[in-house]
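Q: model the structure of this input:
(chains A and B)
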Amino acid sequence: MTTFSDLGLSQKVLSAVTDAGYTIPTPIQEGAIPPALQRRDILGIAQTGTGKTASFVLPMLTLLEKGRARARMPRTLILEPTRELAAQVAENFEKYGKNHKLNVALLIGGVSFDEQDRKLERGADVLICTPGRLLDHCERGKLLMTGVEVLVIDEADRMLDMGFIPDIERIAKLIPFTRQTLFFSATMPPEIQKLADRFLQNPERIEVARPASTAITVTQRFVATHAKDYEKRSKLRDLVRAQEDLKNAIIFCNRKKDVADLFRSLDRHGFSVGALHGDMDQRSRMAMLANFKDGNIQLLVASDVAARGLDIPDVSHVFNFDVPIHAEDYVHRIGRTGRAGRSGAAFTLVTKRDTKFSDAIEKLIDKKVEWLDGDLASLPALVESDEREKPRRGRGRERGERDRSDRGERSERSAERDRGDRDRANSHKSDNRRDDNGKEAIVADRGSDAVKADRHNDTRPSQPVRNQRPANDDNRDRRSRYRRDEDDGPTPVGFGDDIPAFMLIAGKA
DNA sequence: AAAAAAC
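A: Numbering: from 1, shown residues only, chains lettered A, B, ... in the order given. Have a look, this model is predicted:
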């Protein structure tokens, strides 16, 4: 059997991999690492959760041991579609590069230029970027791309979806032709193939097959609901409370506004909840994700920014507050649970008008999803049937001291803060008119910083991260994130324990 | 019917 020590990685890298508890590489790692070390171009076709990130991080670390970075001339460049993914890759460099003295710079939007500039000035061995911020740095003339030896394009198909391809092409033009290019994509539609043909020279192609068996680890249910928002919120609360084995959950909404509204509603009802969407300020996003990973908050209301790629291990439940419009998004969302062979549950609220989307989902996953009717606690194998805790609508055990109607106008007018300026500018809704300050600002403030202690469960470790930090102190947050290099659960064998459920589902991409 | 990303 192949182990990491057979792949040609350096001693420093091997010892960090061993320390992290890994011995057996996943297929993508086994396939990509040796040719990458020989400076071949790579075309990797793999979903997130297959160990893809380590398949480029580990060989890059080995290659970077020769040579040094010069000021403003990064040696390698990694492009990621979202800020969170970029930060996650940076964490991987910290983890596996702990025996190296490499300068890793994370260039993402939403945070100040100053610190990023200082890192570039010192000379970056590794640059991890979202496209917009990288181009911004380039246009300021702060960055010379002529020294880049390795270019990584990650999640290429998602970059395409997000309209990043022109940016990617502009960036690639700045980088010498002699570079090594590592190109990853979950799928290979014709546009991506064309792009790969242009960017890669005689690449080694590694494709990780999607097993054709049905995922049995995720129990899926549709839940019929009325279309009114307050009915859906009430149904969701009942559903959440009925899950006796709910450890933590992501609740997906289709729109950012609904993320903000639902977050506020759940918060008012006393749940331990946070929110994550793309218009929140970056510090809140980072703090939120870290706190959710650390278990400081139990529920995360999120847009599809959290559907793919993010490495949040061991989510017990996924709730779709809205049926995703594109069936593939459903597969990505429920792929957040049932990982590593653990059992998980995925509930989707479906209104009458949603049925065409739920039909499309069943078609895609090639499987009928059972409807959960009546007793919300009657889930086989997940929840013992138990009527005791069945809450009456609109008044649960979490209500506690803050007993306020969910339908009140407060819910409509207090969502501003964590939505951000752009959304406000784009909104045709009438929110702004009622945007008074004072009390509302305080409510919104707590929300934007995102950490909610569980008010009725004192055993939960809850150290709320609130808005009290001085404005220029965001480094502390990041450093503490990077120090967390421990793994969850028992020592895994290889990276492949992390196969998301969607990979096990039969059906086409 | 959306979201993601630069200022």
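
Q: show me which residues of chain A are close to DNA strand B?
A: For chain A, the residues in contact with DNA strand B (C-beta under 7 Å from any atom of the strand) are A:81-84, A:108-111, A:129-136, A:139, A:161-164, A:254-258, A:277-279, A:303-305, A:322, A:325-326, A:329, A:353-354, A:356-357. Bear in mind the C-beta positions are built from the backbone N, C-alpha and C, glycine included.

Q: so which of those residues belong to helices?
A: Among those, the residues falling in helices (DSSP state H) are A:83-84, A:131-136, A:139, A:161, A:256-258, A:329, A:356-357.

Q: would you mark the buried spots in stretch A:324-339?
A: For stretch A:324-339, the neighbour count (16 or more other C-beta atoms under 10 Å) marks A:324, A:327-339 as buried.

Q: what of stretch A:194-214?
A: For stretch A:194-214, by 16+ other C-beta under 10 Å, it's A:Leu195, A:Ala196, A:Phe199, A:Leu200, A:Pro203, A:Glu204, A:Arg205, A:Ile206, A:Val208, A:Arg210.

Q: what separation do you get for the first one and A:Phe164?
A: Pointing back at A:Leu195 there. 11 Å (C-beta to C-beta, to the nearest Å).

Q: quick check: the farthest pair among the buried residues of stretch A:324-339?
A: Maximum pairwise distance in the buried residues of stretch A:324-339, criterion C-beta to C-beta, is 20.5 Å, between A:Ala327 and A:Arg339.

Q: picking that back up, which one of the ones in helices among the residues of chain A next to DNA strand B is nearest A:Thr53?
A: A:Glu84 (12.8 Å).

Q: number of nearby residues for the closest one?
A: Burial measure for A:Glu84: 24 neighbouring residues, criterion other C-beta atoms under 10 Å.

Q: gap between the two ends of stretch A:268-276?
A: 17 Å (C-alpha to C-alpha, to the nearest Å).

Q: what's the domain layout of chain A?
A: Following automatic domain parsing, one gets these domains for chain A: A:4-209, A:218-395+A:414-420+A:438-483.

Q: got those domains as TSV, with mean pLDDT columns?
A: Output for these, formatted as TSV (pLDDT from 0 to 100):
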stretch	mean pLDDT
domain A:4-209	94
domain A:218-395+A:414-420+A:438-483	72
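
Q: now A:Asp125: closest residue in space that isn't a chain neighbour?
A: With sequence-adjacent residues excluded and distances taken as C-beta to C-beta, 6 or more residues apart in numbering, A:Asp125 is closest to A:Leu102, at 4.2 Å.

Q: wait, isn't that neighbour in contact with A:Leu61?
A: Yes - A:Leu102 is within contact range of A:Leu61, at 7.4 Å (criterion: C-beta atoms under 8 Å).

Q: so if I had to pick from those two, which one is more boxed in?
A: A:Leu61 (26 against 19).

Q: which strand or helix spans that one?
A: According to DSSP states H and E, A:Leu61 maps onto helix A:52-64.

Q: same question for A:Ala32.
A: Using DSSP H and E, the element containing A:Ala32 is helix A:27-37.

Q: can you give me the strands in chain A?
A: With DSSP state E, the ranges of strands along chain A come out as A:42-45, A:76-79, A:104-107, A:126-129, A:150-153, A:180-185, A:204-207, A:218-224, A:249-252, A:273-276, A:299-302, A:317-320, A:344-350, A:370-372.

Q: so what's the gap between the first one and the chain middle?
A: Relative to its chain's centre, strand A:42-45 lies at 21 Å (C-alpha atoms, centre = their mean, to the nearest Å).

Q: next up, the contacts around the closest residue to DNA strand B within the stretch 351-500 of chain A.
A: In the stretch 351-500 of chain A, the residue that lies nearest DNA strand B is A:Arg353 (4.5 Å; C-beta to the nearest atom of the strand). Contacts here follow C-beta atoms under 8 Å, 6 or more residues apart in numbering; on that basis A:Arg353 touches A:Ala227.

Q: can you give me phi and psi for the residue in the stretch 201-350 of chain A that DNA strand B sits nearest to?
A: In the stretch 201-350 of chain A, the residue that lies nearest DNA strand B is A:Gly278 (2.6 Å; C-beta to the nearest atom of the strand). Note on A:Gly278: its backbone torsions stand at phi -70, psi -10 [degrees, to the nearest 10].

Q: list the contacts of the residue nearest to it when sequence neighbours are not counted.
A: Counting by C-beta to C-beta, 6+ apart, A:Val305 is the residue found nearest to A:Gly278 once chain neighbours are left out, at 5.1 Å. A:Val305 sits next to A:Thr82, A:Glu84, A:Leu276, A:His277, A:Gly278 when contact means C-beta under 8 Å, 6+ apart.

Q: highest neighbour count among these?
A: Ranking the contacts of A:Val305 using other C-beta under 10 Å puts A:His277 first, with 26 neighbours.

Q: the closest residue to that residue other than its chain neighbours: what's it in contact with?
A: Leaving out its chain neighbours, the residue that sits closest to A:His277 by C-beta to C-beta, 6+ apart is A:Ser303, at 4.0 Å. Going by C-beta under 8 Å, 6+ apart, A:Ser303 touches A:Phe252, A:Cys253, A:Asn254, A:Arg255, A:Lys256, A:Val259, A:Leu276, A:His277, A:Gly278.

Q: run the last query once more with 7 Å
A: Contacts here follow C-beta atoms under 7 Å, 6 or more residues apart in numbering; on that basis A:Ser303 touches A:Cys253, A:Lys256, A:Val259, A:His277, A:Gly278.

Q: fine, thanks again, bye for now.
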